[in-house]
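Trainee: This is the structure alone, sequence omitted:
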């Protein structure tokens, strides 16, 4: 057992595009998405203790009861796999908005998997950590890989790592409204005809290496129904798109919107112009290397 404590950064993600595909017989939906890491990050600190089980303290946000917390469940999976030789205390510092489509809870879970495994001297091999991630949630396997850019299919468990895009300045705009993911899938289903089929889409590796091309193919199937039901979200998106970014979309099932710019000056000018009329606005950068 490592002496610890172990500190792991848990970065947020953007969905540069997100297509909701078929609804499976078990009620879950298949997805096709392009994940990208950004510099906004939570921090997970794991410390070993003699008392068995997992405890957690959280600062920065209300994330609900400990037994429902993905980081706690992740830590418990590693402890179970390593024979419950010790207990773990997690200290989670939240900076990523909750219920915003940025994957904060999933990233915290991946960070907990790595941190507790480090306390166990790496006893759980990487491929097993990925399986744990898939059990915990759709976005978790991506965060477990640490890849700054990846295509994902299915429920996020099928991943193809890509060379990172050039680092780019970006804004995250989080309106004061949260969107329940389960409800958002219901909106997508309600908006579709039962016999509708998705159009063809060719994913070209070269096109996935340039922000201009990403901007042309970017899209999110959750946007239209979310904007229809939350007018404030549509107004926020229109204001953000009006700052002329390279890419402007909603991330995940929302409610955070993001814009990627040509330069830091363009990004900073846009931030000043937007103010706080439509919610919290944060300046970040996309990542081109793994976070540790």
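Mentor: Thanks, I have it. Remember, it's a predicted structure, so these values are computed and weren't measured experimentally.

Trainee: mind listing the strands for the stretch 151-292 of the chain?
Mentor: Along the stretch 151-292 of the chain, the stretches classed as strands by DSSP state E, counting those that start in this stretch are 158-161, 169-174, 219-220, 247-250, 257-260, 280-285.

Trainee: highest average neighbour count across the ones you listed?
Mentor: Of all the strands of the stretch 151-292 of the chain, strand 257-260 has the most neighbours on average by mean count of other Cβ atoms under 10 Å, namely a mean of 27. (C-beta placed from N, C-alpha, C; glycine too.)

Trainee: tell me the mean pLDDT for it?
Mentor: Here the mean pLDDT over strand 257-260 is 98, rounded to a whole number.

Trainee: Point out the other elements, helices or strands, that the helix or strand bottoming out on mean pLDDT in the chain touches.
Mentor: The helix or strand with the lowest mean pLDDT-type score in the chain, counting by mean pLDDT, DSSP states H and E, is helix 181-191 (a mean of 81). Secondary-structure packing of helix 181-191 (3 or more Cβ pairs under 8 Å, 6 or more residues apart in numbering; DSSP states H and E): strand 6-23, helix 223-229.

Trainee: Give the buried residues for the shortest one.
Mentor: Read it as helix 223-229. Residues of helix 223-229 classed as buried under the neighbour-count rule (16 or more other Cβ atoms under 10 Å) are 223, 225, 226, 227.

Trainee: for that helix, packing partners?
Mentor: The elements that helix 223-229 packs onto, with contact taken as 3+ Cβ pairs under 8 Å, 6+ apart, are helix 181-191, helix 231-241, strand 247-250.

Trainee: Now find how far off-centre it is within its chain.
Mentor: Centre-to-centre, helix 223-229 and its host chain are 20 Å apart (Cα atoms, centre = their mean, to the nearest Å).

Trainee: This completes my enquiry, with thanks.
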